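K.L.:
just a sequence and a predicted model for now, questions to come.
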Amino acid sequence: MTHNDHPNHGHNHTHGGNKKALIISFILTTVYMLIEAAGGLITNSLALLSDAGHMLSDSVSLGVAVLAFIIGEKAANYSKTYGYQRFEILAALFNGAALIVIAVYIIFEAYHRFKNPPDVASTGMLLIASVGFLMNIAVAWILMKGDTKENLNLRAAFYHVLGDLLGSVGAIAAALLIMFLGWGFADPLASVVVAILVLISGYKVAKEAVHILMEGKPKDVEVNKIIRYLLESNQIASLHDLHIWSITSGKNALSGHVVVKDDMTFAESQQLLREIESKLLQYNIGHVTIQIEDERHPHKDSITCENDRADKTAPVD
């Protein structure tokens, strides 16, 4: 059996950059959230209040995301043999769920305002929304400098900020429509449009987090290509108990049992393992655990092996 987990300096550098981006974004978002909430109460604008509520969730979510990075840095121990890196995925799930709850609440509040549109101080609303728009652009730019493509925790926070940015745009548009056309319903309408976009983002983040927690196949890994590579080797008779999952964003793992020809020597099996590990890095697998077996291995009677040997022609999802 072999275990391989290659240290990656570039990954650590990216991790530090992600954490710094989140900390700066957390501070900026929290400060402006307080300003926007006060402005929403003064101007009686649901669009501002809903955006402030969204920013409150952002502030909490960004704080949780920062905490996730800090906790994720804790070393593995006998209790948590993989360490605490998966806490980042739990934070992303929390953020996704928060987005969904907030979107539903905004839609509920907007429904009542459609029935009875209140008076809104459109000038103050426009001023506050414009400042919020600039603030959200700054925060989004800071987060974009991080690894929003690979890191689900950072991407969840980025979606929160995008929702805020759209909320500011909606509030600006609503303020202009109220100022020049007297459309009181523009305020709750802007809130609903933003809420729907927030709902979609929250669903996507929560869905991906649940997929990782359920040990689903990483999206950047092609299982069929890995199986084809292994079974095309003249030294491998078959393989079984193959599992591929993500420990956390950007860190994929594989385990499996490889059945080799009976005449393979120990030195040859070790060389085969090194070749497999090197090849799997090209398939975005950095954490590898493979058990080498000969063809006489008793699958049916083994506690640790299931009798589910894959044949070379069977399609694998």
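P.N.:
That came in fine, so what should we check first? Numbering: from 1, shown residues only.

K.L.:
element containing residue 253?
P.N.:
strand 251-260 (DSSP states H and E).

K.L.:
what sits up against that strand?
P.N.:
Contact with strand 251-260 is made by 11, 85, 218, 220-221, 226, 230, 235-247, 269, 272, 276, 280, 284-295, 297, 305, 309, as judged by C-beta atoms under 8 Å, 6 or more residues apart in numbering. Backbone N, C-alpha and C define where each C-beta goes, glycine included.

K.L.:
what ranges do the helices span in this protein?
P.N.:
With DSSP state H as the criterion, the chain has helices at 9-43, 46-72, 87-115, 122-144, 152-181, 186-213, 223-231, 266-282.

K.L.:
switch these over to CSV; also include distance to residue 80, mean neighbour count and mean pLDDT.
P.N.:
CSV is the format used below for the helices of the chain (distance: least, C-beta to C-beta, whole Å; neighbours: other C-beta atoms under 10 Å; pLDDT from 0 to 100):
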stretch, distance to residue 80, mean neighbour count, mean pLDDT
helix 9-43, 18, 18, 72
helix 46-72, 10, 24, 71
helix 87-115, 10, 20, 82
helix 122-144, 28, 19, 81
helix 152-181, 18, 24, 78
helix 186-213, 15, 21, 83
helix 223-231, 27, 16, 88
helix 266-282, 24, 14, 88
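
K.L.:
can you redo these as a markdown table with distance to residue 260?
P.N.:
What follows is the helices of the chain, written out as a markdown table (distance: least, C-beta to C-beta, whole Å):
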| stretch | distance to residue 260 |
| --- | --- |
| helix 9-43 | 32 |
| helix 46-72 | 37 |
| helix 87-115 | 35 |
| helix 122-144 | 47 |
| helix 152-181 | 37 |
| helix 186-213 | 32 |
| helix 223-231 | 11 |
| helix 266-282 | 6 |
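
K.L.:
so what strands line up beside the strand holding residue 253?
P.N.:
With DSSP bridges as the test, strand 251-260 is paired with strand 236-248 (antiparallel), strand 287-294 (parallel).

K.L.:
from the chain's centroid, how far away is that strand?
P.N.:
25 Å (C-alpha atoms, centre = their mean, to the nearest Å).

K.L.:
now do it, average pLDDT.
P.N.:
Across strand 251-260, pLDDT averages out at 88.

K.L.:
let me know the angle separating it from helix 223-231.
P.N.:
Comparing the axes of strand 251-260 and helix 223-231 via axes from the mean of the first three to the mean of the last three C-alpha atoms, to 10 degrees yields an angle of 40 degrees.

K.L.:
in CSV: the strands paired with strand 251-260, plus mean pLDDT and distance to residue 172.
P.N.:
Listed next are the strands paired with strand 251-260 as CSV, based on pLDDT from 0 to 100; distance: least, C-beta to C-beta, whole Å:
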stretch, mean pLDDT, distance to residue 172
strand 236-248, 86, 38
strand 287-294, 86, 47
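
K.L.:
export these as TSV, with columns for distance to residue 185 and mean neighbour count.
P.N.:
Formatted as TSV, those follow (distance: least, C-beta to C-beta, whole Å; neighbours: other C-beta atoms under 10 Å):
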stretch	distance to residue 185	mean neighbour count
strand 236-248	45	19
strand 287-294	54	18
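
K.L.:
just send the ones you listed back as a markdown table, with distance to residue 184 too.
P.N.:
Shown next, in a markdown table, are the strands paired with strand 251-260 (distance: least, C-beta to C-beta, whole Å):
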| stretch | distance to residue 184 |
| --- | --- |
| strand 236-248 | 47 |
| strand 287-294 | 57 |
